[in-house]
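Asks: I would like to see how this sequence folds:
(one chain, ligands or ions: 1)
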Amino acid sequence: MDEKYSRMRKIIVALVVFMGLMDNIMAENPDYLFMIENACKAPSGHNTQPWLFKIRESEIDIYPDFSKELPVVDPTHRELFVSLGCATENLCIAAQEKGYESDVKVVNDSFIRVLLTKDKKRQSDSLLFSQIAVRQTNKSVYSGKEIPEDSINKLKNISIDPSVSIYFYKRGTVDYERIADWVYAGNSLQMNDEAFKTELTKWMRYNKRHQNKTRDGLSYATFGAPNVPLFLAKFIMSKAINEKTQNKGDRKKIASASHMVLFTTKDNTVEQWVTLGRTLERILLRSTQMGIVNAYLNQPNEESNIAKEMASQLQIANEYPTILIRLGYGRKMPYSLRRDFRSCILPVE
Ligand SMILES: Cc1cc2nc3c(=O)[nH]c(=O)nc-3n(C[C@H](O)[C@H](O)[C@H](O)COP(=O)(O)O)c2cc1C
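Replies: This next block holds a predicted model:
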């Protein structure tokens with residue numbers, strides 16, 4: 001009897017050791033690391049990079065990192081999950097590049113599971129993959145040049161899940177001007193909210209040294225600001241973070257863009273936020289490939305009263321406006337940094 005138990009114990013221990021070894025081997029799987037590295041190049045609100053990854057035998061789980069939440073501007077974590085959706089899309093495109101089929105599921109409204117199956121016949125989408133490292137949020141004033149209709153149609157042709165809708169508004173149309181007014185109204189609310197400004201300044205990275213230290217947050221360089229000593233940068237920024245300066249800047253930016261694009265969901269659910277993020281990332285990568293630049297004007301979506309009014313006036317009252325971007329042409333801007341992707345990988349159990 002004793003001998004039988006001892007043999008069973010040995011088998012169980014061997015199994016546990018084997019599974020642990022397998023987990024560790026998978027955790028060092030260069031294909032999976034490559035996918036995570038590319039996922040981390042996704043955009044995120046205030047460049048918080050609110051993602052954590054767990055590598056399993058044939059899947060990668062993507063978890064929200066709530067220590068990077070933005071409770072004032074994003075109290076429901078909607079933008080956080082949109083950011084995770086963008087990261088998920090990058091991960092899937094990178095998986096395809098390495099010959100994997102991916103299947104995405106949102107589990108219990110809490111994390112994203114990407115099942116990965118090696119498929120030698122799988123065609124990679126290299127055109128989109130090559131744009132992952134090139135894409136950037138371009139916060140500059142654009143050239144004013146209009147995007148041709150056939151380029152807009154190419155973006156419209158990107159496949160969309162039925163839970164997400166995308167609306168394009170061309171500069172010069174009535175709706176474009178109305179949306180611009182909701183952006184200014186959003187600025188007015190946010191710039192008079194001390195909690196909003198405190199949260200925003202917490203994520204400002206004021207000069208090169210500051211930015212290189214954290215490798216996250218809103219880099220001074222992406223706003224076109226000079227690299228000056230911290231006290232001076234803080235002084236300059238404190239003068240810029242107010243309703244009048246924000247609206248003056250946004251007027252120029254909106255007047256120089258070609259289109260605004262509004263992304264909505266049918267329901268306000270985690271699953272649909274993730275789906276919207278995946279769609280958004282595909283549109284961003286495709287437009288990057290076409291030489292079109294983008295930046296966010298998300299203020300009206302972040303203020304619920306404005307969002308409701310906007311949806312109603314745009315005759316999409318039964319949808320949830322979630323992301324608003326502007327598109328156009330502009331000179332390349334400095335890139336936002338990322339933390340080392342390895343620091344976002346959770347240890348295997
Ligand atoms: C869900 C989401 C919301 C965002 N909201 C804003 C915004 O309101 N204003 C803005 O200037 N940028 C916004 N951004 C852009 C981020 O600031 C940007 O992605 C981040 O700084 C990283 O820079 P990158 O996109 O150039 O890599 C948003 C991005 C995401 C994914």
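Asks: Against the ligand, how distant is the nearest residue to Arg209 once chain neighbours are set aside?
Replies: Leaving aside its sequence neighbours, Arg209 sits nearest to Leu230 (C-beta to C-beta, 6 or more residues apart in numbering; 7.7 Å). For every residue, glycine as well, the C-beta is placed using N, CA and C. Leu230 sits 20 Å away from the ligand, going by C-beta to the nearest ligand atom, to the nearest Å.
Asks: Show the contacting residues for Leu230.
Replies: Tyr206, Asn207, Arg209, His210 (C-beta atoms under 8 Å, 6 or more residues apart in numbering).
Asks: The closest residue to the ligand within the chain: neighbour count?
Replies: For the chain and the ligand, the shortest gap (C-beta to the nearest ligand atom) falls at Pro43, measuring 2.8 Å. If you count neighbours by other C-beta atoms under 10 Å, Pro43 ends up with 21.
Asks: Can you pull the phi and psi angles for it?
Replies: The phi and psi torsions at Pro43 (degrees, to the nearest 10) take the values phi -70, psi 160.
Asks: Just list the residues touching it, thanks.
Replies: Ser83, Cys86, Arg135, Thr137, Glu281, Leu284.
Asks: how about a cut-off of 7 Å?
Replies: Taking C-beta atoms under 7 Å, 6 or more residues apart in numbering as the criterion, Pro43 is in contact with Ser83, Cys86, Thr137.
Asks: For this structure, list the residues in contact with the ligand, please.
Replies: Residues of the chain lying near the ligand by C-beta under 6 Å from any ligand atom: 43-47, 79, 82-83, 86, 136-137, 139, 218, 295-296, 298, 336.
Asks: For Ala233, give me its contacts.
Replies: Per C-beta under 7 Å, 6+ apart, neighbours of Ala233: Tyr206, Asn207, Tyr220, Ala225.
Asks: To what extent is the first one buried, counted in neighbours?
Replies: The one in question is Tyr206. Neighbours of Tyr206 (other C-beta under 10 Å): 24.
Asks: excluding its backbone neighbours, what's nearest it?
Replies: Ala233 (3.8 Å).
Asks: picking up where we left off before, same list, the contacts of Pro43, but as TSV with distance to Asp109 and neighbour count please.
Replies: Shown next, in TSV, are the contacts of Pro43 (distance: C-beta to C-beta, whole Å; neighbours: other C-beta atoms under 10 Å):
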residue	distance to Asp109	neighbour count
Ser83	16	29
Cys86	18	28
Thr137	27	18
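Asks: could you pull out the strands for the stretch 1-150 of the chain?
Replies: 51-55, 59-64, 100-107, 111-118 (DSSP state E, counting those that start in this stretch).
Asks: Out of the ones you listed, indicate the one that is most buried.
Replies: Highest mean neighbour count among those (mean count of other C-beta atoms under 10 Å): strand 51-55, with a mean of 21.
Asks: tell me the mean pLDDT over it?
Replies: For strand 51-55, mean pLDDT rounds to 98.
Asks: how far does that strand sit from the chain's center?
Replies: 16 Å (C-alpha atoms, centre = their mean, to the nearest Å).
Asks: now the angle between strand 59-64 and that strand, please.
Replies: 160 degrees (axes from the mean of the first three to the mean of the last three C-alpha atoms, to 10 degrees).
Asks: elements contacting strand 51-55?
Replies: helix 30-39, strand 59-64 (3 or more C-beta pairs under 7 Å, 6 or more residues apart in numbering; DSSP states H and E).
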